[in-house]
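Chemist: structure for this input, please:
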Amino acid sequence: MTKKSFAVMGLGKFGRSIVMEMMRAGADVLAIDMDEEKVKRVAEYVTCAVQADVRDPEAMNALGISNMDGVVVGMTSNLDAAIMATIYAKEAGVPYILVKAQDEIHEKILKKVGADKVIIPERESGIRVARNMVSGSFIDFIELSDRVKMIELKIKPEWIGHTLRELNLRKKHALNVIAVRQDGELMVNQDPDQPLDRDVSLLVTIDKKDMPKLLETM
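Modeler: Predicted structure coming up:
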């Protein structure tokens, strides 16, 4: 599977957590900030770290943002910079732009200028955002403990029409299916011989050590 590539603009606490988790998940990451110290702090961990002003078109053009699978804009303290970065990423043809907002008013503005998703930090952690971006198959991701994760994921196209018994997800992917969601309803006693429909998602648990292998296959 081809590695996914992301740019993270703004390396505060939120941006750094996204950068580090994306790298752990095996993605290529371009980290960008105006603050040289913040850039140095992540430089050894990422694919590329650059000190640049996202409001400078020439600087941004030199970074090759158009080649990215997604861009994270994480500068809540500077709305102008967040707006400019979002507009630039949109014009560069980036397929998915996620922007961090300070409040609901900023959220509306950023959606107007092209953000595909706007989050308010208090609602979502950087780690959760990073994992959901790296694997587009993940609908939700919850830490149950230091070792065990619970994930809601879309079924892969090749799983459609097959039963849980046939798929044998525990053996093949180390996934323990605890429920199936269809039409908004959770079914905890899914018939293992019932073929899976296209619109269902699976609620599963997985050991942390098995996550990298799962990310490669989703």
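Chemist: quick check: next helix or strand after the lowest-mean-pLDDT helix or strand in the chain?
Modeler: Within the chain, judged by mean pLDDT, DSSP states H and E, the helix or strand with the poorest mean is strand 138-143; its value is a mean of 56. Downstream of strand 138-143, the first helix or strand assigned by DSSP states H and E is strand 148-154.
Chemist: buried ones in the helix or strand following that following strand, by neighbour count?
Modeler: On the C-terminal side of strand 148-154, the nearest following helix or strand under DSSP H and E is helix 164-167. By 16 or more other Cβ atoms under 10 Å, the buried positions in helix 164-167 come out as 164, 167. All C-beta atoms are positioned from the backbone trio N, CA, C, and that covers glycine.
Chemist: tell me the gap between whichever helix or strand comes after helix 164-167 and the middle of its chain.
Modeler: Per DSSP H and E, the first helix or strand lying C-terminal to helix 164-167 is helix 169-173. Its chain's C-alpha centre and that of helix 169-173 lie 23 Å apart, by Cα atoms, centre = their mean, to the nearest Å.
Chemist: Ser5: neighbour count?
Modeler: For Ser5, the neighbour count with other Cβ atoms under 10 Å is 18.
Chemist: hey, what's it bridged with?
Modeler: Going by DSSP bridges, Ser5 is paired in beta bridges with Asp28.
Chemist: what about the strands in this protein?
Modeler: Taking DSSP state E, the strands of the chain run over residues 5-9, 28-33, 48-51, 70-73, 97-100, 117-119, 138-143, 148-154, 176-182, 185-187, 201-207.
Chemist: could you pull up phi and psi at the residue of the chain most remote from its centre?
Modeler: Within the chain, Asp193 marks the point farthest from the mean C-alpha position, 32.5 Å out by Cα atoms, centre = their mean. Torsion angles at Asp193 (phi, psi; degrees, to the nearest 10) stand at phi -110, psi 10.
Chemist: the closest residue to it other than its chain neighbours and Glu152, how far apart?
Modeler: Of all residues not flanking Asp193 in the chain, Thr163 sits nearest, at 5.0 Å (Cβ to Cβ, 6 or more residues apart in numbering). To Glu152, Thr163 is 19 Å away according to Cβ to Cβ, to the nearest Å.
Chemist: show me this protein divided up by domain.
Modeler: The chain breaks down into these domains under automatic domain parsing: 5-134, 138-217.
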